[in-house]
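# this is a predicted model, with the sequence first.
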Amino acid sequence: MLMKHGMPSRLAFLDCAKNCMLASSPVFRRQQFLIRSLGGASDHQIHFAKMKDLKSVEADAESILRAITPPLDPSRHKGQAGKIAVIGGCREYTGAPYFAAISALKIGADLSHVFCTKDAAPVIKSYSPELIVHPVLEESYSIRDEDKRSIASKVLSEVDKWMERFDCLVIGPGLGRDPFLLDCVSEIMRLAKKSNIPMVIDGDGLFLVTNNLDLVSGYALAVLTPNVNEYKRLVQKVLSSEVNDLDAPQQLLSLAKQIGNLTILRKGKSDLISDGETVKSVSIFGSPRRCGGQGDILSGSVAVFLSWARQHILAADANTNLSSKNPTVLGSIAGSALVRKAASLAFLNKKRSTVTGDIIECLGRSLEDIIPAS
Ligand SMILES: NC(=O)C1=CN([C@@H]2O[C@H](COP(=O)(O)OP(=O)(O)OC[C@H]3O[C@@H](n4cnc5c(N)ncnc54)[C@H](O)[C@@H]3O)[C@@H](O)[C@H]2O)[C@@H](O)CC1
Ligand SMILES: Nc1ncnc2c1ncn2[C@@H]1O[C@H](COP(=O)(O)OP(=O)(O)OP(=O)(O)O)[C@@H](O)[C@H]1O
Ligand SMILES: [Mg+2]
């Protein structure tokens, strides 16, 4: 029924208007109720059946958290519990990289770095003396065209000096979308891949990789953590289709497989995690507050747990008891579960006024409830 330029015909328009009126009429709603009572499969029932499938893949997140969280052993030295670097923070956004980096420390990482623009650095430093902040990135507005090449190579060498020390990078919280800055970050990602450093990619990092899939394609140590918008863009780009909520696990599996078996953590009412081989869900009760910044806590948390899962798997050799031995999946499950638990605890205290900082303050206690420090 489409005419030239993809415009619907008048007939189709009338049909659609009739259906809308029908759907809202009391007679139609009563008919639907009768069909449901008599056993006809309504959309709701089909949806419920799929939700039941989804339940069967619920991860045993607490066991994973217990298995991969390292003991507080006095013989360990600084750095062994993890060194994380967040690549993000620009003129507009200074909160997001701070949330990601401080969350990593509050969970138990030893060192947390932030690589951000020169403008953002003093602001992020002023939030916390705990973070190591490198003012190395540049946006187009602050440089001349003829200087771009030399500045790009300077940025890269500044980050390269540190690269081998990191257990995981978080790419994207508050990064912005400046083309020059994103070109530099693409090069940083290529460096990280060469050194086999895991990467959690979030926020504007997802904007970058959705348009440049080669940056992560086939890299098993990458985790993408899309929110609803970011997931939609990824599905449209990679699968050339729309998001299918009725078959969410299957679609996520195809997406992860298609990009080359990296791990995707799809955030939502339940978080879904897939590496293209399996799909797990984390449905622990979280918070009904949707204040900005909760995804940033998650990206920093996944980075820490991913590093711990890698250490655990290496140390435990083949004897480890975990059903998934993919550290990116284990790290995603652990991060998702802990952030949701912390969000629910924060909401218990603060109700409607819960903000991201309140959730960060609950990370420690939430982990303590699962695996006490002593
Ligand atoms: N306190 C902070 O500093 C926070 C910063 N945040 C950062 O904010 C940035 C955006 O994240 P969101 O979760 O809001 O992103 P979303 O993709 O969910 O949407 C952001 C907004 O940008 C619009 N948009 C979509 N495509 C665009 C494009 N190509 N160019 C310009 N605008 C576009 C969307 O319509 C939406 O209104 C990320 O860097 C993220 O990390 C958030 O994490 C929230 C907290
Ligand atoms: N409807 C929901 N119910 C419960 N928890 C949710 C819901 N939606 C998201 N979450 C949880 O909130 C956290 C952040 O997800 P969200 O989709 O808000 O990320 P985001 O949009 O990237 O956040 P940010 O503002 O940091 O960019 C995740 O831990 C996710 O599990
Ligand atoms: Mg986000």
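Noted; the coordinates are in hand. Ligands and ions are numbered 1, 2, ... in the order given.

# residue in the stretch 201-350 of the chain nearest to ligand 3?
residue 295 (3.3 Å; C-beta to the ion). From N, CA and C alone the C-beta is placed, and that goes for glycine too.

# can you tell me the closest non-neighbouring residue to that residue?
Nearest residue to residue 295, sequence neighbours excluded (C-beta to C-beta, 6 or more residues apart in numbering): residue 227, at 5.6 Å.

# so what's the residue positioned nearest the centre of the chain up against?
Among the residues of the chain, the one closest to the centroid is residue 225, at 2.1 Å (C-alpha atoms, centre = their mean). Residue 225 makes contact with 200, 201, 202, 206, 264, 265, 267, 295, 298, 299, 302, 332, according to C-beta atoms under 8 Å, 6 or more residues apart in numbering.

# and whatever residue of the stretch 151-300 of the chain ends up closest to ligand 2, how many neighbours?
Nearest residue of the stretch 151-300 of the chain to ligand 2 (C-beta to the nearest ligand atom) works out as residue 295 at 2.4 Å. Applying other C-beta atoms under 10 Å, we find 21 residues neighbouring residue 295.

# can you name the residues that contact it?
Neighbour list for residue 295: 173, 202, 203, 225, 227, 267 [criterion: C-beta under 8 Å, 6+ apart].

# do you know the pLDDT at it?
As predicted, residue 295 sits at a pLDDT of 98.

# which positions in the stretch 251-374 of the chain make contact with ligand 2?
Residues of the stretch 251-374 of the chain that fall close to ligand 2, judged by C-beta under 6 Å from any ligand atom: 267-269, 271, 286, 290, 292-296, 298, 336, 339-340.

# so which of those residues are in strands?
If you go by DSSP state E, those have residue 271 in strands.

# buried residues in stretch 140-150, which are they?
Residues of stretch 140-150 include none that count as buried (16 or more other C-beta atoms under 10 Å).

# so for that stretch, mean pLDDT?
95.

# contact partners of it?
So stretch 140-150 is in contact with 118, 119, 151, 178, 179, 180, 181, going by C-beta under 8 Å, 6+ apart.

# go on, stretch 282-294?
Residues contacting stretch 282-294 (C-beta under 8 Å, 6+ apart): 55, 58-59, 61, 95-96, 99, 269-271, 273, 333, 336-337, 339-341, 343-344, 346-347, 352, 354-356, 359.

# is ligand 1 contacted by that stretch?
Yes: on the criterion C-beta under 6 Å from any ligand atom, stretch 282-294 is in touch with ligand 1 at 292, 293.

# residue 327 - nearest residue in space that isn't next to it in sequence?
Per C-beta to C-beta, 6+ apart, closest to residue 327 is residue 309, 3.8 Å.

# how near is that neighbour to residue 324?
Applying C-beta to C-beta, to the nearest Å, the value for residue 309 to residue 324 is 9 Å.

# so what sits against both of those two?
residue 330.

# and the residue of the stretch 151-300 of the chain found nearest ligand 1, what's its pLDDT?
For the stretch 151-300 of the chain and ligand 1, the shortest gap (C-beta to the nearest ligand atom) falls at residue 203, measuring 2.9 Å. Residue 203 carries a pLDDT value of 98.

# neighbours of it, just the number please.
Residue 203 is flanked by 27 other residues according to other C-beta under 10 Å.

# distance-wise, check the residue lying closest to it once chain neighbours are set aside relative to residue 188.
Counting by C-beta to C-beta, 6+ apart, residue 172 is the residue found nearest to residue 203 once chain neighbours are left out, at 4.1 Å. Distance of residue 172 to residue 188, computed by C-beta to C-beta: 11 Å.

# now residue 235
26 Å.

# what's the answer for residue 169, then?
Counting by C-beta to C-beta, the gap from residue 169 to residue 188 is 8 Å.
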